[in-house]
Every structure is written in C-alpha cells, then in structure tokens.
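J.: Need coordinates for the below:
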Amino acid sequence: MELSLNASCLPDDGCTGTLIGRVWLPGVGPAVVAVRAEGVFDITPQAPTCAGLLNEADPVAIARGAAGERIGDVADILANSAAATHDPDQPYFLAPIDLQAVKAAGVTFVRSLLERVVEEQARGNPARATQVRDSLGAEIGGDLAAVKPGSPAAARLKAALQARGMWSQYLEVGIGPDVEIFTKCQPMASVGIGADIGLHPSSTWNNPEPEIVLAVNAAGRIVGATLGNDVNLRDFEGRSALLLGKAKDNNGSSAIGPFLRLFDDTFSLDDVRRAEVALEVRGPDNFVLNGHSSLAQISRDPADIVAQGIGATHQYPDGLVLYLGTMFAPTEDRGEPGEGFTHKLGDTVTIASAKLGALVNRVGRSDEIERWEFGALALMRNLAGRKLL
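T.: This is a model prediction of the structure:
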C-alpha cells in the first residue's frame, strides 16, 4: 500500500517543542537535524551523533541554539520518506537515534501480560488461543489488574497461582520484583518513518506493538521520548521463550520515530505518564484494525523501569533507548475464526500520540526489504571523512 506522509506526522502542537531527528543527505550521509517550524536544519557540525547530543549537559540548548543549514521543509522530507518512493536525490528521515543501545521492557501491562501467557499456553498455535484466553481470563484476569509488581500482595498472588498450577514465567516478570528488559536490536539497526518493517518469512502469527520509547543518556537521565513499533512474532515466542531473540530481532523489526522530543518546558516525563497511544493497521485486503493504549495503565512507573535498565550493574556509555511495553495485543480475527490477528504483507501501520506525532511504516518480509548495511563502523568512517570527528 502507498504511504502518505506529511506534516500531520508532527505532534499536535507542531514544532513548539524541541524536536530532533536524523536525515539521510544524498551524497553526504546521515545528519542530525533540528525540526523547526521554519524547516529542517542540519546541526551535525554541533552534534555529529544523536547519542553524543543526548550526553551533553544541555541538549535542548544545543538543539535550539545551533543555527544549522536549512535542508528543506518538514512536509517535503516526510513525503520523500515513504520507502517505495524515495527520490534518491532528496533527503529522507531515518530513525532519530544512532549509537544508543536499543532495549525493550516486556509484559508491563496486564493485558499484554495475559497475552504472553496465552502464547505460552497455546505453544505458539493461534488456533488454541481463544480457548486458553477464556480460561485464563476466568481464572486470574481480575486478580492481576490491581496488583503492584514486587509488592507483598504480588507475592501472595504468586503463591496462590502456583498452588493452582497457573504460574508462568511471564507472570514472574509481570508482577514479580524484576522487570523483563531485553535487547531489541543492535545500535543503528532501527528504521525510521516511512521505511518498511520486517517479518521473518517463517512467521504466520505476528503483530505490531505500539509503544513509547524513552531516550536515556549515559548517566541514566531520561532526556526525551519518541514512538516505536516493537514488531513481534507471536508464534516464535509462543513455542519457546528462548526464541525471544528470533521473535524480536530481525531486519526491520524495530521502527522508531518520527522524531525524538526532548524534555523541555513543553514536554516532560509526566506527559509520557499521561500519554495515549493509538494504533491503526490498514491492509491491502481492506482490513482495518484500530487500537488504543494508555500509559496510565502501565504496571510499573517508566522511571522505575529505566532504573532497572541502567545503573550500577548496567552501564551504557552511548546511552540507550527503551521501549516501555504495550498493552495492545490484537485478538480480532482476520482469517479463520479463533485464530486472531496476524499481519499481511503490505499492511500500513500507524502509531500516533498527541505530543509525539505519528510513526508510519509498511509491512514487508525481513529477507526482502532493504538490507541493513550502514552500521556504527560506517557511521564513524563517514563522520571522519566529513571531518566531524
């Protein structure tokens, strides 16, 4: 399906906040940019990498204060960022991160927690999902919603579920003291707005995971947020949790963007805590799926999740970005009754939130979409050749 990318992908308040991104400049390479009402400005001379910018004492001052060379209108660069229609002679947006580690938190919402248990109990077979889902909902669904992870009440619930033979590794990380945090993909592997996202060709049960992604500097300070699609293969992870890497890390399976909004006087972590995230999947078969997620329903505070991801036992000198998890696990039948939702090639996925804009991508196969070949070494060589290091 053809993508339509325009200025509506911006936050509802436009360029009022501090928006940074990355753009591919033809004949030059990647550029760190400030996205402003007057256009998109190349600030790479002041900030050669996004990771370096976020590790500065005041990244907002740099992003706002750098004059930069104007490289085009936001709408024009967005329009050229649709993967199937790139004009190779014009700039297009990349994921707004570069050298940061890309991490993700799992089962941070009760609904997605129950769906992970469904996958496990169904052994990756979508035909068994409805039966397992109904059984679990009747058995434990009401018990979980009000339980604070790691609390004495959670410990009592764990003991009760174990006694009933209902315990699961997903319940352990969902209501236990330790959050699940895993490596989503390698630095530089995430794709941006307009790019094709990838499904493993062997997967027949998969879904988008619309999430807010926090940007964290090397000191562990949360400095901004963006949107992400933590593309998930339900059949792989359902067969075995040890297949998490194959379920989560494939070419094009991490989409982040459209821009990174830094925390300033217009946007803060409290805005993230109150954020609403909308999902639309529109298929070439005229199928339309809409979903909605509220960060207010997250079971762990975002700052607590970050604190478990970086600190005395985990250091990230280049910083990290952290997917916060999703409450959205689509169960609406798309094919055979009882088999729930799965993607079709050509689906358009739109993830939107008022203060972060809209991330739009098209679904393809991970072995057929554009290969990832520009990694950290290529970036260092490119910046050195431009005398920016």
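J.: Run through the bridge partners of the residue lying closest to residue 209 once chain neighbours are set aside.
T.: Among residues not flanking residue 209 along the chain, residue 230 sits closest, at 4.0 Å (Cβ to Cβ, 6 or more residues apart in numbering). (Glycine included, C-beta is placed from N, CA and C.) Note on residue 230: beta-bridge partners by DSSP bridges are residue 254.
J.: Residue 230 and residue 103, how far apart?
T.: Going from residue 230 to residue 103 by Cβ to Cβ, to the nearest Å gives 11 Å.
J.: how deep is residue 185 tucked in, by neighbour count?
T.: Residue crowding around residue 185 was assessed by other Cβ atoms under 10 Å; the count is 23.
J.: count of neighbours near the closest residue to it other than its chain neighbours?
T.: Spatially, and ignoring its direct neighbours in sequence, residue 185 is nearest to residue 254 (4.5 Å; Cβ to Cβ, 6+ apart). If you count neighbours by other Cβ under 10 Å, residue 254 ends up with 27.
J.: residues in contact with residue 254?
T.: By Cβ atoms under 8 Å, 6 or more residues apart in numbering, residue 254 lies in contact with 95, 102, 184, 185, 189, 190, 191, 228, 229, 230, 231.
J.: got it, and residue 18?
T.: Per Cβ under 8 Å, 6+ apart, neighbours of residue 18: 34, 60, 63, 64, 224, 261, 262, 264, 266, 267.
J.: Show me which of these is closest to residue 53.
T.: Set against residue 53, the nearest of the contacts of residue 18 by Cβ to Cβ is residue 63 (7.1 Å).
J.: Break the protein into its domains for me.
T.: 7-106+179-385, 129-175 (automatic domain parsing).
J.: about what we covered before: from the contacts of residue 254, which single one is nearest residue 356?
T.: residue 228 (10.0 Å).
J.: Please identify the helix or strand for the closest residue to the closest one other than its chain neighbours.
T.: Leaving aside its chain neighbours, residue 228 sits nearest to residue 213 (4.0 Å; criterion: Cβ to Cβ, 6+ apart). Following DSSP states H and E, one finds residue 213 within strand 210-216.
J.: still on that earlier bit, and the residue nearest to residue 228, how many residues sit next to it?
T.: 30.
J.: Residue 249 too?
T.: Neighbour tally, residue 249, other Cβ under 10 Å: 20.
J.: Report the contact partners of it.
T.: Per Cβ under 8 Å, 6+ apart, neighbours of residue 249: 183, 184, 185, 186.
J.: quick one: which two of those residues are the most distant?
T.: 184 and 186 (9.0 Å).
J.: who touches both of those two?
T.: 102, 249.
J.: Tell me which of those two has more neighbours.
T.: A count of neighbours by other Cβ under 10 Å puts residue 184 above the other of residue 184 and residue 186, at 25 against 14.
J.: where's that one, which helix or strand?
T.: Applying DSSP H and E, one finds residue 184 within strand 180-185.
J.: ditto for residue 93
T.: Here residue 93 is assigned to strand 92-94, by DSSP H and E.
J.: How far away from the center of its chain is that strand?
T.: 17 Å (Cα atoms, centre = their mean, to the nearest Å).
J.: Could you list the residues in contact with stretch 308-322?
T.: So stretch 308-322 is in contact with 51, 54-55, 97, 99-105, 178-179, 181, 187, 213-218, 220, 226, 228, 256, 305-306, going by Cβ under 8 Å, 6+ apart.
J.: Now do the residue nearest to residue 209, the pLDDT please.
T.: We have a pLDDT of 96 for residue 230.
J.: What of residue 325?
T.: The predicted structure lists residue 325 with a pLDDT of 89.
J.: In a helix, it, correct?
T.: No. Going by DSSP: H, G, I helix; E, B strand; the rest coil, the assignment for residue 325 is coil, not a helix.
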